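Visitor: Sequence and predicted structure below; questions after.
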Amino acid sequence: MTNMTSTSTEPVVPAALDAISRDVLGLLRRVDPEAATILAREADRQATTLELIASENHVSPAVMHAMGTWMTNKYAEGYPGKRYYGGCVHHDAIENLARDRAKKLFKCGYANVQAHCGANANIAAFMALCDPGDTVLSLPIKSGGHLSHGLKPNFSGTFYTIVDYDLDPESERIDYDEVERIARECRPKMIICGYSAYPRTIDFARFRAIADGVGAFLLADIAHIAGLVATGAHPSPFPHAHVVTTTTHKTLRGPRGGLILSDTEDIAKKVDRKVFPGSQGGPFMHIIAAKAVAFGEALRPEFTTYAKNVVANAAALADALVARGYRLCTGGTDNHLMLVDLRQRDADLTGADAERWLEEAGIIVNKNGIPNDPRPPMVTSGLRLGTPALTTRGMGTAEMTQVADLLDRVMAGRGDATIAAAVRADVRTLCAAFPLPH
Ligand code: DSN
């Protein structure tokens, strides 16, 4: 099945691969064997490793192949009915379909499906709600926020005055009273909630009350939890947030991209203008086509079951890790992810070492700073683990206990090659029993 030698130009074809992907690899093999080999190896890597990065997932063949269509050939600057190029009739139709499905999914009045990614969605949201120099209150990245929420080298930290709120040092949860106190002090134009490494439920209503108290806009970035929000597995930011931004490729299981939602016409108009012509040119219409397909999938009852299973699996994995001596920040999880503080299990274990050793054993994770981490961001004392991708493969709570065992064997082995090889073999067996969507 596999051919992992780096000099070979023979594509590696995973055992379970949908028919169209096989054809695509066959075509590439004929016209560009070098590219075919690299792409096939990536397909094989995904098929034979456990993906525990909380922000990643495996799309369905329908979403995968909607991306590789004729829609990529077209410029469609503007919006449906108002384009700067001729020949956009089908682009209007597919963009309208994506917008309508997004509105239905998130139960809101307006959707912009053109944002290329989550950070671009946030650029448009900042531009729509704030002027350069305005004060924005947000959680810093070191505590679980996102770089586009105010990190100094990012556009957000460069063009806006960022004030931080932080987690409660004891509970490691959002301290809403403290957010309110800081908001009253700094009088922000906008408050941001929604995070990249926060394992607990967000109280959007409380955030809106704080925002209203100081006359601020509320931006909810639900990139991580969008699939949970869409299905009721996490409370919705509507009707609380003025603008909601998200990616489409995490728990929502769509193509890599961004999405901006709102429920107010004048804000929605501003958002549209800030996406195009404000910050982007031609929309990626092939990605918008795949967004439409993914939103259609997310509207089906099976997706609600999927989201529930993602949360149940995260709870099971969290319990199994705690039982093996690991400390989880906040003590557990309410959503799809958990933040593991490695120090309790092994004071010398770093996130960087664990990430490297686990990858050798076929388990893909990302090192992650924990709140008040004494180690630098490229080392860290933590791992962020998420269950969206494993749940897509059909794994359930029993497999989560098995996954916790595999994780612990590697970390307890501290990079031992024999242990890593034994775990790698077990990972391959588990992956073979739960193939990627095909
Ligand atoms: N890089 C993403 C994540 O992993 O959470 C956020 O953009």
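Guide: Cool, the structure landed.
Visitor: Strands along the stretch 101-250 of the chain, start to end?
Guide: In the stretch 101-250 of the chain, the strands defined using DSSP state E, counting those that start in this stretch lie at 110-112, 135-138, 161-164, 190-193, 217-221, 243-247.
Visitor: most packed of these?
Guide: Of the strands of the stretch 101-250 of the chain, the one with the most neighbours on average (mean count of other C-beta atoms under 10 Å) is strand 243-247, at a mean of 29. For the C-beta atoms, the positions are set from N, CA and C on the backbone; glycine is no exception.
Visitor: Show me what counts as buried in stretch 222-240.
Guide: 222-231, 233-234, 236-238, 240 (16 or more other C-beta atoms under 10 Å).
Visitor: Out of those, name the ones that lie in helices.
Guide: Judged by DSSP state H, the buried residues of stretch 222-240 include 226-231 as members of helices.
Visitor: Need the three-state assignment for the residue in the chain that the ligand sits nearest to.
Guide: Proximity of the chain to the ligand (C-beta to the nearest ligand atom) peaks at S55, 3.3 Å away. At S55, secondary structure determined by DSSP: H, G, I helix; E, B strand; the rest coil is coil.
Visitor: Next, the contact list for it, please.
Guide: For S55, the contacting residues are 196, 223-224, 247, 249-250, 386, by C-beta atoms under 8 Å, 6 or more residues apart in numbering.
Visitor: give me the low-pLDDT residue ranges for the stretch 301-438 of the chain?
Guide: Counting by pLDDT under 70, the stretch 301-438 of the chain contains no low-confidence segment.
Visitor: For stretch 24-43, C-alpha coordinates in PDB please.
Guide: Taking Å, rounded to 0.1, in the frame of the first residue of the first chain, the C-alpha atoms of stretch 24-43 are listed here in PDB:
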ATOM      1  CA  VAL A  24      -7.000  13.000  -9.800                       C
ATOM      2  CA  LEU A  25      -3.800  11.200  -8.600                       C
ATOM      3  CA  GLY A  26      -3.800   9.100 -11.800                       C
ATOM      4  CA  LEU A  27      -4.000  12.300 -13.900                       C
ATOM      5  CA  LEU A  28      -1.300  14.000 -12.000                       C
ATOM      6  CA  ARG A  29       0.800  10.900 -12.200                       C
ATOM      7  CA  ARG A  30       0.700  11.100 -16.000                       C
ATOM      8  CA  VAL A  31       1.200  14.900 -16.300                       C
ATOM      9  CA  ASP A  32       3.300  15.800 -13.200                       C
ATOM     10  CA  PRO A  33       4.600  12.700 -11.400                       C
ATOM     11  CA  GLU A  34       6.700  14.900  -9.000                       C
ATOM     12  CA  ALA A  35       3.600  16.800  -7.700                       C
ATOM     13  CA  ALA A  36       1.600  13.500  -7.700                       C
ATOM     14  CA  THR A  37       4.100  11.900  -5.400                       C
ATOM     15  CA  ILE A  38       4.000  14.700  -2.900                       C
ATOM     16  CA  LEU A  39       0.200  14.900  -2.900                       C
ATOM     17  CA  ALA A  40      -0.300  11.200  -2.700                       C
ATOM     18  CA  ARG A  41       2.200  11.100   0.300                       C
ATOM     19  CA  GLU A  42       0.100  13.700   2.000                       C
ATOM     20  CA  ALA A  43      -3.100  11.700   1.400                       C
END
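Visitor: Report the buried residues of that stretch.
Guide: Within stretch 24-43, judged by 16+ other C-beta under 10 Å, the buried ones are 24-25, 28-29, 36-37, 39-41, 43.
Visitor: Now do the end-to-end distance for stretch 359-370.
Guide: Taking C-alpha to C-alpha, to the nearest Å, stretch 359-370 runs 20 Å from one end to the other.
Visitor: Determine which of the strands of the stretch 101-250 of the chain approaches R273 most closely.
Guide: strand 110-112 (10.0 Å; C-beta to C-beta).
Visitor: strand partners of the closest one, parallel vs antiparallel please.
Guide: As defined by DSSP bridges, the strand partners of strand 110-112 come to strand 258-262 (antiparallel).
Visitor: next structured bit after the strand it pairs with?
Guide: Using DSSP states H and E, the helix or strand that directly follows strand 258-262 along the chain is helix 265-275.
Visitor: Compute the inter-axis angle for that next one and strand 243-247.
Guide: In terms of direction (axes from the mean of the first three to the mean of the last three C-alpha atoms, to 10 degrees), helix 265-275 departs from strand 243-247 by 40 degrees.
Visitor: Give me the phi and psi for K367.
Guide: phi -60, psi 150 (degrees, to the nearest 10).
Visitor: how about the nearest residue to it, chain neighbours excluded?
Guide: G351 (3.0 Å; C-beta to C-beta, 6 or more residues apart in numbering).
Visitor: F284 now?
Guide: Leaving aside its chain neighbours, F284 sits nearest to H116 (6.2 Å; criterion: C-beta to C-beta, 6+ apart).
Visitor: about what we covered before: for the strands of the stretch 101-250 of the chain, give me JSON lines that also has mean pLDDT and distance to I288.
Guide: Formatted as JSON lines, those follow (pLDDT from 0 to 100; distance: least, C-beta to C-beta, whole Å):
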{"stretch": "strand 110-112", "mean pLDDT": "98", "distance to I288": "10"}
{"stretch": "strand 135-138", "mean pLDDT": "98", "distance to I288": "28"}
{"stretch": "strand 161-164", "mean pLDDT": "98", "distance to I288": "31"}
{"stretch": "strand 190-193", "mean pLDDT": "99", "distance to I288": "26"}
{"stretch": "strand 217-221", "mean pLDDT": "99", "distance to I288": "20"}
{"stretch": "strand 243-247", "mean pLDDT": "99", "distance to I288": "14"}
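Visitor: can you redo those strands as CSV with distance to T69?
Guide: Below are these laid out as CSV (distance: least, C-beta to C-beta, whole Å):
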stretch, distance to T69
strand 110-112, 21
strand 135-138, 37
strand 161-164, 40
strand 190-193, 35
strand 217-221, 29
strand 243-247, 21
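Visitor: Cheers, nothing more for now.
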